[in-house]
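>>> return a 3D structure for these sequence lines:
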Amino acid sequence: MTRRRICAGLAALVVAGATGACSNAGGDLSAGTAGSGGEGGGGGGAGMRQITVAETAGTPLAFITYGVQRGFFEQQGLDVNAEASTGGATVIPSLLSGDIDVAGSNMVSVMIAQSQGVPVTMVAAGTSTAQDPENDFSGVLVRGDSPIQRPQDLAGKRIAVNTLKNINDVVIFSALSQRGVDISGVELIEMPFPDMAAAVQRGDVDAGMLIEPFLTQGRAQGLRPVLAPYSDLRPGLQIGTYAMTDQRIAEDPELMQRFQRGVQQTADAIRADPQAFRTALPEIAEFDPDLAQRVNLPQWRGRTDRASVELIKDGMLRYGLIESDLAYDDIVRY
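Sure thing, here's the model as predicted:
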């Protein structure tokens, strides 16, 4: 039995404000501990590989949980432990340390890490928005009595986002810049999704960038949408991604391929029968049954959308999130 290699340390790893330390990712699958991909020791059955996947709370996490519930990952020989995260760069240190095997995040946070030499690769697509902006699973919301009536009124305002230096920087700044807003006065405030609606209501921030189910809940509480920056940048824009360490991929490409197939099966199933996914939400994500029927669902493709990657990279370069371009084939495996 081999054990994961422990590095001397990733000195001062800073990824969008999250600091990681030592990376032991990428060892074999026989350790049998959380995040190790080991066999046995947890109900997976003989030959099952245990992996831990961290994904953003809300519908992104529900996607993975649905795939587990429907047995799509089990069919690929994977016993998946799905954990909630706040998203963004917060999952990168956990990925590098081996505490998790796959990190669900947004493409901006992962590409920032890649631009800094962090050895991670995008291996499957996460959430995408709808083609129709009316069905966008995200939006910038303000109080019902707010003087903010249109996107241009967000100039100089405080907007809550779940994490800083992530996809929201690109889409919000792009949407406002296209409307002639001076974005230098716009302040993004880091805040967990579940806290945003209340913060907007209290006036702690002027607006909040929410995803489902928090978007629909916020609207039910009287908040009002003024901008849908995801679909504004590009209808059907891919937002999310799943990343693994380069070392893990090199040492066990089959594990990556099994995960990719499980993601693809899950995406195909939801696209074929979105109502079945809605029906499952109260059980897999503790959604209120009525809320589960009303939320705008993200879209899932399984395979990465190159046009979205290139568009987001252009925005990252424009707003200084990365200093040089990244070659698509170097950062994406599926």
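
>>> so residue 51 sits against residue 262, correct?
No. Under the criterion of Cβ atoms under 8 Å, residue 51 is not in contact with residue 262, lying 9.9 Å apart. Where C-beta positions appear, they are placed from N, C-alpha and C, glycine not excepted.

>>> could you pull out the helices for the stretch 1-150 of the chain?
Secondary structure of the stretch 1-150 of the chain (DSSP state H, counting those that start in this stretch): helices at 59-69, 72-75, 92-97, 107-115.

>>> highest average neighbour count across the ones you listed?
Greatest average neighbour count among the helices of the stretch 1-150 of the chain goes to helix 107-115 (a mean of 26), per mean count of other Cβ atoms under 10 Å.

>>> run the chain-centre distance for that helix.
What separates the centre of helix 107-115 from the centre of its chain is 12 Å, taken as Cα atoms, centre = their mean, to the nearest Å.

>>> do stretch 267-285 as well
18 Å.

>>> buried sites along stretch 215-223?
215-219, 223 (16 or more other Cβ atoms under 10 Å).

>>> now stretch 197-213
197, 199-200, 205-213.

>>> now, which of these lie within strands?
The members of the buried residues of stretch 197-213 that map onto strands under DSSP state E are 207-211.

>>> hey, which helix is longest across the chain?
Determined from DSSP state H, the single longest helix within the chain is helix 253-272.

>>> ok and that one relative to helix 59-69, angle-wise?
Relative orientation of helix 253-272 and helix 59-69, computed by axes from the mean of the first three to the mean of the last three Cα atoms, to 10 degrees: 100 degrees.

>>> beyond helix 253-272, next helix or strand please.
Downstream of helix 253-272, the next assigned helix or strand under DSSP states H and E is helix 274-284.

>>> list the buried residues in that next one.
Result for helix 274-284 [16+ other Cβ under 10 Å]: buried residues 277-278, 280-281, 284.

>>> isn't residue 260 up against residue 121?
No. Under the criterion of Cβ under 8 Å, residue 260 is not in contact with residue 121, lying 11.8 Å apart.

>>> hmm, which two among the buried residues of stretch 215-223 are most spread apart?
216 and 223 (10.2 Å; Cβ to Cβ).

>>> for the spatially most central residue of the chain, give the beta-bridge partners.
In the chain, the residue lying closest to the centroid (Cα atoms, centre = their mean) is residue 105, at 3.1 Å. For residue 105, the beta-bridge partners under DSSP bridges are residue 241.

>>> need the contact list for it.
56, 87-89, 91-92, 126, 166, 240-243 (Cβ atoms under 8 Å, 6 or more residues apart in numbering).

>>> hmm, back to that, format the ones in strands among the buried residues of stretch 197-213 as a markdown table; extra columns: distance to residue 318 and pLDDT.
A markdown table is the format used below for these (distance: Cβ to Cβ, whole Å; pLDDT from 0 to 100):
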| residue | distance to residue 318 | pLDDT |
| --- | --- | --- |
| 207 | 22 | 98 |
| 208 | 24 | 98 |
| 209 | 19 | 97 |
| 210 | 25 | 95 |
| 211 | 23 | 91 |
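
>>> now render these as CSV, adding distance to residue 98.
Formatted as CSV, these follow (distance: Cβ to Cβ, whole Å):
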residue, distance to residue 98
207, 38
208, 34
209, 31
210, 32
211, 28
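
>>> out of these, which comes closest to residue 71?
Distances from residue 71 to these, taken by Cβ to Cβ, are shortest for residue 211, at 26.7 Å.

>>> excluding covalently adjacent residues, which one is nearest to residue 230?
Leaving aside its chain neighbours, residue 230 sits nearest to residue 129 (4.2 Å; criterion: Cβ to Cβ, 6 or more residues apart in numbering).

>>> re the thing from before, how about the buried residues of stretch 197-213, which pair is most distant?
Of all pairs in those, the most separated under Cβ to Cβ is 206 and 213 at 22.3 Å.

>>> any chance of JSON lines for the helices of the stretch 1-150 of the chain, columns distance to residue 181?
Compiled in JSON lines, those are given as follows (distance: least, Cβ to Cβ, whole Å):
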{"stretch": "helix 59-69", "distance to residue 181": "28"}
{"stretch": "helix 72-75", "distance to residue 181": "43"}
{"stretch": "helix 92-97", "distance to residue 181": "30"}
{"stretch": "helix 107-115", "distance to residue 181": "20"}
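
>>> can you lay out the ones you listed as TSV showing distance to residue 297 and mean pLDDT?
Listed next are these as TSV, based on distance: least, Cβ to Cβ, whole Å; pLDDT from 0 to 100:
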stretch	distance to residue 297	mean pLDDT
helix 59-69	7	96
helix 72-75	18	98
helix 92-97	27	95
helix 107-115	19	95
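
>>> in the sheet, who's paired with residue 124?
residue 242.

>>> that one reaches residue 260, doesn't it?
Yes. Counting by Cβ under 8 Å, residue 124 does reach residue 260; the two are 5.1 Å apart.

>>> between these two, what contacts are shared?
302, 334.

>>> ok, so of the buried residues of stretch 197-213, who is nearest residue 323?
Once Cβ to Cβ is applied, the member of these that ends up nearest residue 323 is residue 209, at 25.2 Å.
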